[in-house]
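>>> structure of the sequence below:
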Amino acid sequence: MGKDNGYIDYTKNNVQYFNDVNKNRLFTRNNQNYINRLGRDVLNTLGNVSLLDIFLSKGKTVEPHYHQNAAELIYAIQGSAHVSLINPFTNNVESISITPGQVANIPQGWWHWETAAEDETHLLTIFDAPYPEYIFGSDILAKTPVEVLAQTYCLDKKKLRETLRPLDNQTIVIGPPDECNQRTVLENSSPYQDPNISPPTYNTDGQQYYRFK
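Residues are numbered from 1 along each chain as shown. Here you go, the predicted structure:
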């Protein structure tokens, strides 16, 4: 992707004021799960802002990742989603449920992921950078040598290699992959069916938060 320094000569003929985000595909899992994007490379009058247009079916997850150069504001247009994050200052994991008209904010550099709670979920994510950078969990798992993970965390190298084999050194982005046999579809409105997660609590605005025990 060609980057620039943000300067544009508004007297030139190549100045752009319009773009069709539908034509800028970032990633496709299938025809219900895909992400379109808008950055300064395709709309050169953008300032320090960019966006992703995300479409998800129930149970699909934008995999755990972080943006080392940008904060992210996630706005629900249709459906509903659970936006989860790790607060690096408290080491707590929280999940925020959002429905149309509601937002979740991810500070710069925080580890997070989004899971659709129903089909035809549509999210718009806005970044305070013209080119948000991504580090995905699948890349960390697949590209870190198995020997390093096994030695560092006292794991069985053979079992670990077998466990990670389905990643096939790919960036997953939206998971699980269609060929995955695991049943990860959410059965109800709770983002997790896990005894280690406390029942939802609420802030002063009535917004649900889930905390890991």
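>>> tell me where this protein has helices.
137-143, 146-153, 157-164 (DSSP state H).
>>> residues near the nearest residue to residue 106 once chain neighbours are set aside, how many?
Closest residue to residue 106 apart from its sequence neighbours, by CB to CB, 6 or more residues apart in numbering: residue 72 at 4.2 Å. (Each C-beta comes from the backbone N, C-alpha and C, glycine too.) The local packing of residue 72 (other CB atoms under 10 Å) involves 25 other residues.
>>> bridging residues for residue 72?
Using DSSP bridges, the beta-bridge partners of residue 72 come out as residue 106, residue 127.
>>> distance of it from residue 131?
Distance, residue 72 to residue 131, using CB to CB, to the nearest Å: 13 Å.
>>> likewise residue 174?
For residue 174 relative to residue 131 (CB to CB), the value is 20 Å.
>>> do residue 78 as well
For residue 78, the distance to residue 131 - CB to CB - is 27 Å.
>>> which of those two has more neighbours?
Shown here are residue 78 and residue 131; by other CB under 10 Å, residue 131 has more neighbours (18 against 13).
>>> count the residues that sit near residue 57.
Neighbour count of residue 57, defined by other CB under 10 Å: 18.
>>> show me what contacts the closest residue to it other than its chain neighbours?
Once flanking residues are discounted, residue 57 sits nearest to residue 32: 4.3 Å by CB to CB, 6+ apart. By CB atoms under 8 Å, 6 or more residues apart in numbering, the contact list for residue 32 reads 55-57, 60, 119-120.
>>> pass me the low-pLDDT residue ranges in this protein, would you?
In the predicted model, the chain carries pLDDT under 70 at residues 1-6, 181-213.
>>> so who does residue 133 touch?
Residue 133 is in contact with 67-70, counting by CB under 8 Å, 6+ apart.
>>> go on, residue 115?
Contacts of residue 115 were listed using CB under 8 Å, 6+ apart, and they are 56, 59-62, 81-82, 84, 186, 191.
>>> cool, residue 174 as well?
Per CB under 8 Å, 6+ apart, neighbours of residue 174: 27, 29, 33-35, 56, 60-63.
>>> out of those, list just those in strands.
Judged by DSSP state E, the contacts of residue 174 include 27, 29, 33-35, 56, 61-63 as members of strands.
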